[in-house]
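Student: Curious how this folds, go ahead:
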Amino acid sequence: MLRFFASLPLRAFAVKPPAQCILFRVMKLSELAQQTGATIENGNADTDIVGAAGLAEAEAGHVTFLSNPRYTPQVKETRASAIYLSQDAPIERTDIAVLRTKDPYLAYTRALRLFHPEPAVKPLIHPSAVIDPTAQVASDAHIGACAVIGAHCVIESQVTIHPNVTVYDHVRIGAQSVIHSGVALRAFAEVGQRVILHNNVVVGSDGFGFAKAEDKSWLKIPQTGRVVIEDDVEIGAGTTIDCASVGETRIKRGVKIDNLVQIGHSCTIDEDSLLCAQVGLAGSSHIGKRVILAGQVGVAGHLHIGDDVVLTAKSATSHDIPPGKIISGIPGFDNKDWLRSTAAYRRLGEMARTVRELEKKLAALETTATQK
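Tutor: Alright, predicted model coming up:
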């Protein structure tokens, strides 16, 4: 059973609590194993576990994990009381409890979530918040200081809007979503349930659309569409998502987007895709399911990226990519070919010398043949 100790002094406990822990939670090793899908290989099932931490940071009372073999030497030095290991990972120590699991990193993540649950929403409308009389705000929502909510907005149950958020007219925010300080939600944007928007995200800014006039000046194309963000999406700080010129830009269920990502107008990102920092999508890009775009990837406009595609860091593509491909380079091509090409590139100097030597030998042979 979980036990909560909010007010007792820390010296009352024999183990060190997690850093910055306001609410102290203790869990028996047996319960932790059960809730994270692990089995106890050795160790006392009644051991108290108070938190989760990395190998180097863990203290007594913590559970840690090993998933990358390069960190195996740290297992000998960790001070953790328990460790998640894969089914076949060896361990020499007998003074640390071992929790066997198929995926140590996933089990560790579940442990972190157990010890750091999301705080309950405290219903509040701060006196300095500005809410249009036509807006519908759930009675159990939290509206922070200096937040602005425009006309005809709908704020559903247990939504948290932190200070200095700007919500334009006709925006809907689904239940249990969290909108952090500095976010701007432009008119007619729709945000699903359990969405997290981190600081300074802009949803629904004008798409980058201009037509060249007769005098060569640029005439702005009205951006009349909207942005739809479906359930369980998380968007990192400073990311911008442009509205469509017509129709919509849509971020589908479960998509995770890192900081400083640019998503152009009329793009679609399908379910459970992952976009890392500084990715840029030009207008009308269509990204499939479970796609991974690593840091600084660029996708040209009007392209289709198939399901389960991976574009490695700093890659760029100007053509459609079929499902399941791993693409690297600029312009992007198959990752295995790219690895061979980069290996050859490193030998270009050596290859150039070899070619020059062969040219000299060939010239010498031609001279000899001519003299005969």
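Student: ok, the residue nearest to Pro104 when sequence neighbours are not counted to Gly295 distance?
Tutor: Distances taken as Cβ to Cβ, 6 or more residues apart in numbering place Tyr84 nearest to Pro104, at 3.9 Å, with adjacent residues excluded. The C-beta positions use only the backbone N, C-alpha and C, and glycine is treated the same way. To Gly295, Tyr84 is 27 Å away according to Cβ to Cβ, to the nearest Å.
Student: likewise Gly43?
Tutor: Distance, Gly43 to Gly295, using Cβ to Cβ: 39 Å.
Student: The two - which one has more neighbours?
Tutor: It is Gly43, of Gly43 and Gly295, that has more neighbours when counted by other Cβ atoms under 10 Å, with 19 against 16.
Student: quick one on the thing from earlier: burial of the residue nearest to Pro104, as a residue count?
Tutor: 30.
Student: Sheet-wise, list the partners of the host helix or strand of it with their directions.
Tutor: Element membership for Tyr84 (DSSP states H and E) is strand 82-85. Applying DSSP bridges, strand 82-85 is found paired with strand 62-65 (parallel), strand 97-100 (parallel).
Student: now the last one: how far from the chain's centre is it?
Tutor: Taking Cα atoms, centre = their mean, to the nearest Å, one finds the center of strand 97-100 at 28 Å from the center of the full chain.
Student: Same question for stretch 340-358.
Tutor: 39 Å.
Student: Check stretch 278-298 too.
Tutor: 13 Å.
Student: Buried residues of that stretch, list them for me.
Tutor: Taking 16 or more other Cβ atoms under 10 Å as the neighbour-count basis, stretch 278-298 is seen to contain the buried residues 278-295, 297-298.
Student: so Asn44 sits in a strand?
Tutor: No. Applying DSSP: H, G, I helix; E, B strand; the rest coil, one finds Asn44 to be coil, outside a strand.
Student: Now for it: which residues touch it?
Tutor: By Cβ atoms under 8 Å, 6 or more residues apart in numbering, the residues touching Asn44 are Leu29, Ala97.
Student: do Val227 as well
Tutor: Taking Cβ under 8 Å, 6+ apart, we find Val227 in contact with 186, 189-190, 203-204, 241-244, 248-251.
Student: Now do stretch 242-256, average pLDDT.
Tutor: Here stretch 242-256 scores 96 as its mean pLDDT.
Student: what about that stretch, how long is it end to end?
Tutor: Stretch 242-256 stretches 17 Å from its first residue to its last (Cα to Cα, to the nearest Å).
Student: next one: stretch 95-107
Tutor: 21 Å.
Student: Now it: buried residues?
Tutor: So for stretch 95-107, counting by 16+ other Cβ under 10 Å, buried means Ile96, Ala97, Val98, Leu99, Arg100, Thr101, Pro104, Leu106, Ala107.
Student: can you list contacts of that stretch?
Tutor: Counting contacts by Cβ under 8 Å, 6+ apart, the residues outside stretch 95-107 that touch it are 29, 32-33, 36-44, 47, 63, 65-67, 78, 80-87, 89, 91.
Student: Report the buried members of those.
Tutor: Buried residues within the contacts of stretch 95-107, counting neighbours by 16+ other Cβ under 10 Å: 29, 32-33, 36, 38, 40, 43, 47, 63, 65-67, 78, 80-86, 89.
Student: Helices of the stretch 1-150 of the chain, residue ranges please.
Tutor: Using DSSP state H, counting those that start in this stretch, the helices assigned to the stretch 1-150 of the chain run over residues 29-35, 72-75, 104-115.
Student: Quick check: pLDDT value at Ala352.
Tutor: Taken from the predicted model, the pLDDT recorded for Ala352 is 81.
Student: For it, the count of nearby residues, please.
Tutor: 10.
Student: does it sit in a helix or strand, and which one?
Tutor: Under DSSP H and E, the secondary-structure element containing Ala352 is helix 348-371.
Student: and the nearest residue to Ser341 once chain neighbours are set aside, how many neighbours?
Tutor: Excluding its sequence neighbours, the residue lying closest to Ser341 (Cβ to Cβ, 6+ apart) is Gly329, at 7.4 Å. Using other Cβ under 10 Å, Gly329 has 19 neighbouring residues.
Student: mind checking how far Gly329 is from Gly204?
Tutor: Gly329 is 33 Å from Gly204, by Cβ to Cβ.
Student: start to end distance for stretch 85-96?
Tutor: Termini of stretch 85-96 sit 12 Å apart (Cα to Cα).
Student: Phi first, then psi, for Glu271.
Tutor: phi -60, psi 140 (degrees, to the nearest 10).
Student: Local confidence estimate at Thr78?
Tutor: At Thr78 the predicted local distance difference test score is 96.
Student: Now it. Nearest residue, chain neighbours left out?
Tutor: Distances taken as Cβ to Cβ, 6+ apart place Leu55 nearest to Thr78, at 4.6 Å, with adjacent residues excluded.
Student: Now for the one you found, how many residues are close by?
Tutor: For Leu55, the count of nearby residues is 20 (other Cβ under 10 Å).
Student: now it: how far from Tyr108?
Tutor: Computed with Cβ to Cβ, the distance linking Leu55 and Tyr108 is 11 Å.
Student: Quickly list what's touching both of those two.
Tutor: Overlap between the contact sets of Leu55 and Tyr108, as judged by Cβ under 8 Å, 6+ apart, is given by Thr64, Phe65.
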